[in-house]
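Engineer: Here you go, sequence then predicted model.
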Amino acid sequence: MQPKKPAVTILDAVILFVIVGFFTYVWYRLFFSLNYKWNWGIIPTYLFRFDAEQQRWTANILLEGFLTTIKISIWATLFAVLLGFTVGLMRVSPRLFFRLTGRTYIESIRNTPPLVLVFIFYYFVSDQLLTFLAIEDIFRACPEPVQELLTFFFAEPGLITPFLSGVLTLAIFQGAYIAEIVRAGIQAIDTGQWEAGKALGLSRWKLMRLIVLPQAVRIMLPPLANEFINTIKWSSIVSIISIQELTFQGLQVMASTQATIEVWITISLMYLVLCLLLSLVVRRIEVYLSRSDQAVLPSRLHSP
C-alpha cells in the first residue's frame, strides 16, 4: 500500500507565500507608499442617490451603468445564441454552400479586432440601418406605459439606437464563437447515434432535434456559459460609442471626481461579482445535469 501524499506540500506552501507576499506588496504600495489622496467616500454617492420628488433611494449613474451592462449582456447573448446555433448548424450541413457561408462568417469575425468591428457595425451598419428603420421614432410613438416597459428592458428613447447597435455588435462578434461551440458539440456525438436514427427512418431534422441536439447541449453548456461571461466583459468595449454602460459611467465619474483608482476598483469588483455569480449558477446546473445522468444510467442498465 502506497503512503498517502500530504494534502499540502512544501511547494504549495512556497507558492502560497509568494502570492500572499506579492499582493501584500501591492496593497502596501497602493495605500501607504503611493502619493495618492484616497477618497472612497464619494463612491456610495455615485451608486445610490435620494430622489427628493419620489422620497426614496434610487440608483445613481454607476449602478445604472451596471444595470445597463446586464441588459446589454443578456440581449447580446440571446441574439448571439440564435445566430451561433444557426451558423453552427450550417457548419455541419451536408450542403457545401451552407458550410462555406458559415465558415466565411466565422473566420471573418474571429480574425477581426473587436474594436474595429464596433466601429464598422455602429457607424456603417447598425447606425444607418436603425436610423432608416426609425426605431427611436417608433419608440417615442408608443403609449407611455409601453415606453416605460421598453425603457426597463432596453434603454430610454434617446439611447435606444446606440443600445441596439451595441447589442447587435456584441451578438455578431460572440455568435462566431458560439457557432464553433455548437459545431464541436454536434460533431462530438458518436456516429452510432446518427446511424441508429437513420436506421429508424428519421429525417435529418428529426434526427438532429430528437437525438443529437439534446445530447450536444450538455456538452455545449460549459463553453456557452464561458461565452456569456465573455460577453459581460466584452460589453465594456461598447463604451466607445457612448453607450452608458458600467465602463462609460465609470469614465464619467472619474473625469468629474479624479478618483481614478477608487472608481476602477469599484468597477472591477462589480464585474467580478456578476461573473462569479454566473459561474456559480452554471456550476450548479452542471452538477444537476451530472446527477440526472447518474440517476438515468442505473435504470438503463437494469432495464430488460
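Structural biologist: Done, it's in.
Engineer: residue contacts, residue 228?
Structural biologist: By Cβ atoms under 8 Å, 6 or more residues apart in numbering, the contact set of residue 228 is 73, 77, 278. Heads up, the C-betas are built off the backbone N, CA and C, glycines and all.
Engineer: which one is the last one nearest to, not counting chain neighbours?
Structural biologist: What that stands for is residue 278. Nearest-residue entry for residue 278: residue 229, 5.8 Å, with adjacent residues in sequence omitted and distances by Cβ to Cβ, 6 or more residues apart in numbering.
Engineer: check contacts around the nearest residue to residue 103 once chain neighbours are set aside.
Structural biologist: Spatial nearest neighbour of residue 103, excluding adjacent residues (Cβ to Cβ, 6+ apart): residue 91 at 6.6 Å. Counting by Cβ under 8 Å, 6+ apart, residue 91 touches 98, 99, 102, 103, 106, 179, 180, 182, 183.
Engineer: Name the nearest of those relative to residue 141.
Structural biologist: The closest of the contacts of residue 91 to residue 141 turns out to be residue 179 (Cβ to Cβ; 36.2 Å).
Engineer: Looks like that closest one contacts residue 104 (just checking).
Structural biologist: No - Residue 179 is beyond contact range of residue 104, at 11.5 Å (criterion: Cβ atoms under 8 Å).
Engineer: Same drill for these two, tell me which one is more crowded.
Structural biologist: Using other Cβ atoms under 10 Å, the more surrounded residue of residue 179 and residue 104 is residue 179, with 26 against 10.
Engineer: So which bits of stretch 237-244 are buried?
Structural biologist: Neighbour-count burial for stretch 237-244 flags 237, 238, 239, 241, 243, 244 (criterion: 16 or more other Cβ atoms under 10 Å).
Engineer: Same question for stretch 93-109.
Structural biologist: 98, 102, 103, 105, 106, 109.
Engineer: So which of these belong to strands?
Structural biologist: Using DSSP state E, no member of those falls in strands.
Engineer: Next, format those residues as TSV and append distance to residue 221.
Structural biologist: Output for those, formatted as TSV (distance: Cβ to Cβ, whole Å):
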residue	distance to residue 221
98	25
102	22
103	24
105	23
106	21
109	22
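Engineer: Dump those residues to JSON lines, plus distance to residue 55 and pLDDT.
Structural biologist: Shown next, in JSON lines, are the buried residues of stretch 93-109 (distance: Cβ to Cβ, whole Å; pLDDT from 0 to 100):
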{"residue": "98", "distance to residue 55": "59", "pLDDT": "93"}
{"residue": "102", "distance to residue 55": "55", "pLDDT": "93"}
{"residue": "103", "distance to residue 55": "58", "pLDDT": "93"}
{"residue": "105", "distance to residue 55": "52", "pLDDT": "94"}
{"residue": "106", "distance to residue 55": "53", "pLDDT": "93"}
{"residue": "109", "distance to residue 55": "49", "pLDDT": "91"}
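Engineer: Give me the below-cutoff pLDDT ranges for this protein.
Structural biologist: Scanning the chain for pLDDT under 70 picks out 1-8, 125-127, 292-304.
Engineer: Strands along that one, start to end?
Structural biologist: Using DSSP E, strands in the chain cover 48-51, 56-59.
Engineer: so how far is residue 48 from residue 71?
Structural biologist: Per Cβ to Cβ, to the nearest Å, residue 71 is found 19 Å from residue 48.
Engineer: between those two, which one's more packed in?
Structural biologist: residue 71 (17 against 12).
Engineer: Against residue 83, how distant is that one?
Structural biologist: Distance, residue 71 to residue 83, using Cβ to Cβ: 18 Å.
Engineer: Kindly report the same for residue 288.
Structural biologist: 27 Å.
Engineer: For these two, indicate the residue with more neighbours.
Structural biologist: A count of neighbours by other Cβ under 10 Å puts residue 83 above the other of residue 288 and residue 83, at 19 against 10.
Engineer: Give me the phi and psi angles of the closest residue to residue 259 other than its chain neighbours.
Structural biologist: Excluding the flanking residues, the one nearest residue 259 by Cβ to Cβ, 6+ apart is residue 39, at 5.0 Å. Per-residue torsions, residue 39: phi -150, psi 70 (degrees, to the nearest 10).
Engineer: circling back: looking at the strands of the chain, which is nearest to residue 120?
Structural biologist: strand 56-59 (32.5 Å).
Engineer: packing partners for that closest one?
Structural biologist: Packing partners of strand 56-59 (3 or more Cβ pairs under 8 Å, 6 or more residues apart in numbering; DSSP states H and E): strand 48-51.
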